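Student: only geometry, no sequence info:
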Ligand code: CIR
C-alpha cells in the first residue's frame, strides 16, 4: 500500500520541455487543471500528497517520476538521461531526503529515468532506452539486489512510439501486467498474466495502480472496458496536455 506521493505542478514554460510527439503545444491552464485533478485522485486513493513548488529552471520537472526510484526498502536518486533534465535530481533531493535519509545516487556515466523502471512486487523491470543506459541499469540493479529485489533488463530502444519502458507497460500487481502489443511477447514478461493494449491505444498502457484503484488516461474506451472487468476501482483522468509532452500518468508522481 502506498501512503504518500510527491508531485510538482507544471510551470508556465512547460511547453518548452522535451517532446517527440507532434500533438501541438500544451495549454498551460489546462495542464494545471489536469494536474490538480490528478493530485486529487491520489488523495482519493488515500495518499498524503506533498506538492513541491513549480520549478521554471526545468520545464519538464513536473515529471517527477524520472528523478528517483522509491521502494519500501530504500530509494535511489536517478541521473536523468536528457542533459536538459540532469539538474532535476539535485532539485528534488532535499525533499526526498526528508523521507529517505540514505539516498544513494546513480553515478556517471550511468543514466536512469524513473520512467524506465517498473516495479512488480519484489521484481523490477529496467528499460534500456535513449534515457537509461546499460551502466545506469547495472547500478540500479545492484542497489535493488542489496535490498533483496530481483530485476531484469528490457531493451526498448527499437520499440517504436515509446520514450520509456513504462510508456508501454504497467504492473497491476506482482502477477498481472499491462503491455503494449509490441512488448507482449518479450521473454521478460513470460509467466505473467498479460493485459495487452491495442496498438491504437498504446498511450493507455501507462496506467498506475494506487492501492485499490487503477488510474487510467481518458480517451481509450477499449482499454478502459478491459480494466473495468478486472474489478478494480477505475479512475479516469484527462491527460491531454501532458501527452503532448510525452508524459503519462505514472510520470506525474513519486509514490511510496
Ligand atoms: C521528457 O521528454 O523527458 C518529458 N517531456 C516527458 C517525461 C515523461 N516521463 C515519464 O514517462 N516517466
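Tutor: Received it, and whenever you're ready, just let me know what you need. Values in this document were obtained by computation on a predicted structure and should not be read as measured data. Numbering: from 1, shown residues only.
Student: Flag every buried residue along stretch 75-91.
Tutor: 75, 76, 77, 78, 79, 80, 81, 82, 85, 88, 89, 91 (16 or more other C-beta atoms under 10 Å). Where C-beta positions appear, they are placed from N, C-alpha and C, glycine not excepted.
Student: residue of the chain with the smallest distance to the ligand?
Tutor: Among all residues of the chain, residue 115 sits closest to the ligand, at 2.4 Å; criterion: C-beta to the nearest ligand atom.
Student: tell me the pLDDT at the residue in the chain sticking out farthest from the centre?
Tutor: Distance from the C-alpha centroid of the chain, by C-alpha atoms, centre = their mean, peaks at residue 229 (23.7 Å). On the pLDDT scale, residue 229 is placed at 94.
Student: Could you report the neighbour count for the residue of the chain closest to the ligand?
Tutor: Residue 115 has 28 neighbours, counted by other C-beta atoms under 10 Å.
Student: Near the ligand, which residues of the stretch 101-250 of the chain? Just list them.
Tutor: 114, 115, 163, 164, 167, 245, 246, 247, 248, 250 (C-beta under 6 Å from any ligand atom).
Student: Surely the second one touches residue 164?
Tutor: Right, residue 115. Yes - Residue 115 lies in contact with residue 164 (C-beta atoms under 8 Å); the separation is 3.2 Å.
Student: Touching both of the two, which residues are there?
Tutor: Overlap between the contact sets of residue 115 and residue 164, as judged by C-beta atoms under 8 Å, 6 or more residues apart in numbering, is given by 127, 131.
Student: those helices in this protein, which residues are they?
Tutor: In the chain, the helices defined using DSSP state H lie at 28-44, 87-99, 134-146, 221-229, 240-243.
Student: Deepest in the core, which of these is it.
Tutor: helix 240-243 (a mean of 21; mean count of other C-beta atoms under 10 Å).
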